[in-house]
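**Student:** coords please:
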Amino acid sequence: MRDIRLGRKYVGSDTPCYIIAEMSANHAGEIERALEIVRAAKAAGADCIKIQTYTADTITLDCDNEYFKIKEGKWRGENLHELYQKAYTPWEWQARIKEEAEKMGLDFLSTPFDRTAVDFLEGLGVSFYKIASFEVVDIPLIKYVASKGKPIVMSTGMATLGEIEEAVQTIRANGDPEFCLLRCSSAYPAIPEDMNLKSLKTLSEIFQAPVGLSDHSMGMVAAVTAVALGAKVIEKHFCISRKIENPDASFSMEPEEFRQMVDAIRETEKAMGQVSFDVSEGEKASRALRKSIFISESVRKGDILSERNIRVVRPANGLEPKHFEDVLGKRFLEDFEAGTPLRWNMFD
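**Tutor:** This is a model prediction of the structure:
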């Protein structure tokens with residue numbers, strides 16, 4: 001598996017997890033709130049702010065027949081065109097959002113949903129792209145994005161292994177840019193039993209690429225677990241407050257929750273460490289409190305070492321416990337007080 005570069009950082013086998021804050025519709029139609037989200041994402045520990053580049057007309061048709069009505073889930077009853085009209089991020093904002101992100105030291109990422117969005121983002125000078133789960137089957141779009149030669153982060157929600165393979169083959173056949181695959185459950189919110197995070201390792205092995213999680217579940221458990229299982233990218237929807245009404249608020253993280261997730265991920269990375277059986281610095285002091293063999297009852301010269309006058313107890317100043325049966329039956333060479341650690345030169 002090769003490392004790939006996402007914005008300012010590399011992502012791969014031995015790198016810290018790259019954390020993306022997904023703004024989506026959480027700006028609720030206000031540019032100042034969008035910029036506030038950028039600043040809050042930086043303060044909460046994100047590496048990247050992500051938006052989406054589409055309009056209602058570029059992603060669907062302005063049509064009200066049954067095909068364009070959502071029949072299940074969080075947005076049940078909504079018309080697609082009307083939903084996307086409420087949720088989209090105006091294109092005239094996006095250069096300003098990118099500028100604010102770069103000023104804050106965040107990478108800027110967007111998901112294009114058609115060729116015009118790709119052309120627009122090329123004009124903004126983006127350094128990498130996101131492919132959404134719903135677009136994994138849009139092979140013409142993936143082909144066009146791959147042709148730009150920039151790294152791709154691709155979510156795989158709803159996709160079969162065969163569909164993922166076809167999308168990956170399209171990337172490799174059209175310039176072979178670097179890519180990362182994100183496990184995803186495309187439900188809003190996602191539930192734990194649908195996450196199947198054990199698939200991360202297999203996904204990485206099959207496609208020889210870094211993997212991660214696009215997480216629509218509530219809380220941080222899935223994200224932290226994914227990092228423990230090898231995820232190198234975490235994407236999480238981010239808002240200022242879930243009380244600000246918009247299509248994405250209910251399954252987004254607020255700043256303090258996001259910060260707690262980032263802290264938990266960083267602590268998890270420290271705990272995972274590396275394959276090692278060396279004694280750590282912190283353990284060295286504890287080793288002194290291990291058990292060893294002590295004289296438990298005062299003895300005279302010539303007395304026989306027995307279970308009555310020696311015991312295995314803490315601390316570790318005497319002979320190692322493994323020698324206990326070896327020394328039974330020996331004779332003390334001198335008098336010793338109870339509480340004296342047993343040494344080899346104390347008996348015959």
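
**Student:** show me the contacts for Gln52.
**Tutor:** 24, 88-89, 110-111, 113, 132 (Cβ atoms under 8 Å, 6 or more residues apart in numbering). The way it works is simple: take the backbone N, C-alpha and C, and place the C-beta from them, glycine included.

**Student:** switch the cut-off to 10 Å
**Tutor:** Contacts here follow Cβ atoms under 10 Å, 6 or more residues apart in numbering; on that basis Gln52 touches 22-25, 59, 84, 87-89, 94, 109-113, 117, 130, 132.

**Student:** so which bits of the helix or strand it falls within are buried?
**Tutor:** Assigned by DSSP states H and E, Gln52 falls within strand 48-53. Judged by neighbour count (16 or more other Cβ atoms under 10 Å), strand 48-53 contains these buried residues: 48-53.

**Student:** swap in stretch 93-102?
**Tutor:** 94, 97-98, 100-101.

**Student:** the strands in the stretch 51-200 of the chain, which residues?
**Tutor:** Assigned by DSSP state E, counting those that start in this stretch, the strands in the stretch 51-200 of the chain fall at 107-112, 129-131, 152-155, 179-184.

**Student:** tell me what the shortest one is packed against?
**Tutor:** Right, the one you point to is strand 129-131. strand 48-53, strand 107-112, helix 115-124, helix 139-146, strand 152-155, strand 179-184 (3 or more Cβ pairs under 10 Å, 6 or more residues apart in numbering; DSSP states H and E).

**Student:** name every strand pairing with it and say which way it goes.
**Tutor:** strand 152-155 (parallel) (DSSP bridges).

**Student:** what's Asp176 in contact with, if anything?
**Tutor:** By Cβ under 10 Å, 6+ apart, the neighbours of Asp176 are 146, 149.

**Student:** I meant to write Gln260 there.
**Tutor:** Gln260 touches 44-45, 219-220, 253, counting by Cβ under 10 Å, 6+ apart.

**Student:** that one: what secondary structure?
**Tutor:** Using DSSP: H, G, I helix; E, B strand; the rest coil, the structure places Gln260 in helix.

**Student:** on that earlier part again, how far away from the center of its chain is the strand holding Gln52?
**Tutor:** Relative to the centre of its chain, strand 48-53 is centred 18 Å away, using Cα atoms, centre = their mean, to the nearest Å.

**Student:** please apply the same query to stretch 219-228.
**Tutor:** 6 Å.

**Student:** just stretch 186-205 next, same as before
**Tutor:** Taking mean C-alpha positions (Cα atoms, centre = their mean), stretch 186-205 and its chain are 12 Å apart.

**Student:** can you pull the buried residues of that stretch?
**Tutor:** Going by neighbour count (16+ other Cβ under 10 Å), the buried part of stretch 186-205 is 186-187, 190, 195, 197, 200, 203-204.

**Student:** tell me the mean pLDDT over that stretch?
**Tutor:** The average pLDDT within stretch 186-205 is 92.

**Student:** what residue spans form the domains of the protein?
**Tutor:** Per the record, the chain has its domains at 4-272, 281-346, by automatic domain parsing.

**Student:** right, so those: which one is the most enclosed?
**Tutor:** For the domains of the chain, the largest average neighbour count (mean count of other Cβ atoms under 10 Å) is found in domain 4-272, namely a mean of 18.

**Student:** endpoint to endpoint, that domain covers what distance?
**Tutor:** Taking Cα to Cα, to the nearest Å, domain 4-272 runs 22 Å from one end to the other.

**Student:** work out for me the element the closest residue to Met104 other than its chain neighbours sits within.
**Tutor:** Spatial nearest neighbour of Met104, excluding adjacent residues (Cβ to Cβ, 6 or more residues apart in numbering): Lys42 at 4.3 Å. Assigning secondary structure by DSSP H and E places Lys42 in helix 31-43.

**Student:** quick one: list the elements packing against that helix.
**Tutor:** Partner elements for helix 31-43 (3+ Cβ pairs under 10 Å, 6+ apart): strand 18-22, strand 48-53, helix 91-103, helix 255-272.

**Student:** the stretch 201-348 of the chain: helices as residue ranges?
**Tutor:** Secondary structure of the stretch 201-348 of the chain (DSSP state H, counting those that start in this stretch): helices at 221-228, 255-272, 281-287, 324-327.

**Student:** any idea which of those scores lowest on pLDDT?
**Tutor:** Mean pLDDT per stretch puts helix 281-287 lowest among the helices of the stretch 201-348 of the chain, at a mean of 88.
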